[in-house]
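# I need the structure of the sequence given here:
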Amino acid sequence: MKIVRNTPEQLILRSVPWVIAIMLSTFLLAVIGFGLSSLFQGNTTDAFWGLLAIPLFLTLFIVIFVRRDDLILDRSRNLLELRHSTFRGRTKIQHKLEHLQRATLQTSRSSKGATTHRIALVLDGGMDAGTHAATPIYVSGNGAKRGVEAINAWLAQDVDSHP
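Numbers count the residues shown, from 1 in each chain. The predicted structure is shown next:
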């Protein structure tokens, strides 16, 4: 997750899988181009695969795997909000910010030894007390670690939000 805003009153982190979306879209356009070429050459079998079957499969992948995740921490509204946006719709989960104890890093290791990470939020109060993942997927790189550090540093600030 990337830090979009970091002020004493508000911290916003966002995850948008641009690489996956661009790769799938490029492949989708290439397959459609192949299908159109096959159609114009009279090869109906290849045209079927290039214009219907494979594009349908790729579109399904785009709908399922391309999503935007936003984590909003807002002191002035005492709000922790997780927003998930996909082609199928949007969901929003809200908690009181006062229930957020800290952020932690969850790590997953593949059978080949590769590690991926995601941000998890530890809530110590309310009906949803426990550890909750901020995103459903694990990602490689240091983005999740930087996100956890930013959240914990933001929570540790001594800010008087009531003037």
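# CA atoms for contacts and neighbours, from now on please.
Noted.
# Can you mark which positions in the least confident helix or strand in the chain by mean pLDDT are buried?
Among the helical and strand segments of the chain, the one scoring lowest on mean pLDDT, DSSP states H and E is helix 54-65, with a mean of 90. Neighbour counts over helix 54-65 (16 or more other Cα atoms under 10 Å) mark 54-55, 58, 62, 65 as buried.
# what's the very next helix or strand once past that helix packed up against?
Following helix 54-65 in sequence order, the next helix or strand is strand 67-74 (DSSP states H and E). Judged by 3 or more Cα pairs under 8 Å, 6 or more residues apart in numbering; DSSP states H and E, strand 67-74 is in contact with strand 10-15, strand 79-86.
# Show me what the longest one is packed against.
Put plainly, it is strand 79-86. The helices and strands touching strand 79-86, judged by 3+ Cα pairs under 8 Å, 6+ apart, are strand 67-74, strand 89-96.
# wait, Lys2 sits on Gly147?
Yes. Contact criterion Cα atoms under 8 Å: Lys2 and Gly147 qualify, at 7.0 Å.
# Among the two, which residue is more densely surrounded?
Ranked by neighbour count (other Cα atoms under 10 Å), Lys2 and Gly147 place Gly147 first, with 24 against 16.
# From what I see, that one and Leu13 are in contact.
Yes. Using Cα under 8 Å, Gly147 is in contact with Leu13, at 7.3 Å.
# any shared contact partners between these two?
1-3 (Cα atoms under 8 Å, 6 or more residues apart in numbering).
# Rebuild those residues as TSV, extending it with secondary structure, pLDDT and distance to Pro17.
Formatted as TSV, the shared contacts of Gly147 and Leu13 follow (DSSP: H, G, I helix; E, B strand; the rest coil; pLDDT from 0 to 100; distance: Cα to Cα, whole Å):
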residue	secondary structure	pLDDT	distance to Pro17
Met1	coil	86	10
Lys2	strand	91	11
Ile3	strand	93	15
